[in-house]
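1. how does the following fold in three dimensions:
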Amino acid sequence: MATLLLTGCSSQAVYDNIQINKRTDCSEGPPPEFEKCFQRTQKSFEEYEQERKADKSR
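-> Take a look at the predicted model:
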């Protein structure tokens with residue numbers, strides 16, 4: 001059980017760091033594209049996991 005919880009936390013930490021890096025990349029792009037780019041990074045880890053699990057079941 002502890003391993004499962006640790007893996008979940010690690011996966012979320014990795015996801016969160018990737019999102020932070022994407023947001024940083026957005027701020028380095030042209031100003032007109034910033035809002036669109038930033039909006040693409042707003043998906044929560046829970047939403048990401050649900051979509052990932054749904055894709056696996058197809």
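2. run through this structure and note the low-pLDDT ranges.
-> For the chain, the stretches flagged by pLDDT under 70 are 1-9.
3. change it to 50
-> Counting by pLDDT under 50, the chain has low-confidence residues at 1-2, 4-5.
4. longest single helix anywhere in it?
-> With secondary structure taken from DSSP state H, the chain has its longest helix at helix 2-28.
5. tell me the buried residues in that one?
-> 15, 19, 26 (16 or more other C-beta atoms under 10 Å). No exception for glycine: its C-beta is placed from N, CA and C like everyone else's.
6. turn the residues you listed into a markdown table, including distance to residue 42.
-> A markdown table is the format used below for the buried residues of helix 2-28 (distance: C-beta to C-beta, whole Å):
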| residue | distance to residue 42 |
| --- | --- |
| 15 | 13 |
| 19 | 8 |
| 26 | 11 |
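7. residue 47: which of the residues you listed is nearest?
-> Using C-beta to C-beta, residue 15 comes nearest to residue 47 of the buried residues of helix 2-28, at 10.5 Å.
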